[in-house]
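> Turn this into a model:
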Amino acid sequence: MPIYEYLCKQCGNQFEYLLLRSSAPARCPNCESAGLEQLISHCAVHSESTTQAHLSAAHRQAAAARNHRLREEHQSLHEHFEDQATGAHPPPAKDGDGGSG
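Numbering: from 1, shown residues only. Got it, this is the predicted structure:
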């Protein structure tokens, strides 16, 4: 499906238009002018290798985010249990402070 870029000569609006066999001729969506200049636009390339490269990059990003989240949870658990451990037990008794002897 070809998508063309146009520049309206009347109002200067730049827009894209999907051109199908059943489509009406392109008109500016701002001013409805038919006085348009078709622009040279970048093409999109699709291949199996680019698809795989994008998929691999997305997997790496997801894995990195997952690992980061797990490290943060692990650190949080360490901090939580260290706080509980220091608060749950009184400090050790010094020699001669009522110990059996």
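> for E16, what are its contacts?
I3, Y4, E5, Y6, S41 (Cβ atoms under 8 Å, 6 or more residues apart in numbering). Yep, even glycine has a C-beta here, placed from its N, CA and C like the rest.
> 7 Å - rerun?
I3, Y4, E5 (Cβ atoms under 7 Å, 6 or more residues apart in numbering).
> Filter those down to just the ones in strands.
Those of those mapping onto strands are I3, Y4, E5, per DSSP state E.
> Not counting sequence-adjacent ones, nearest residue to S23?
Y17 (7.8 Å; Cβ to Cβ, 6 or more residues apart in numbering).
> you'd agree the one you found is up against Y4?
Yes: assessed by Cβ atoms under 7 Å, Y17 is found in contact with Y4 at 5.3 Å.
> out of the two, which sits in the more crowded spot?
The residue with more neighbours, out of Y17 and Y4, is Y17; 18 against 15, by other Cβ atoms under 10 Å.
> measure that one to L36 for me?
The gap separating Y17 from L36 is 9 Å, by Cβ to Cβ, to the nearest Å.
> Mind listing the shared neighbours of those two?
Common neighbours of Y17 and L36 are listed as Y6, A26 (criterion: Cβ under 7 Å, 6+ apart).
> Please consider this matter closed, and thank you.
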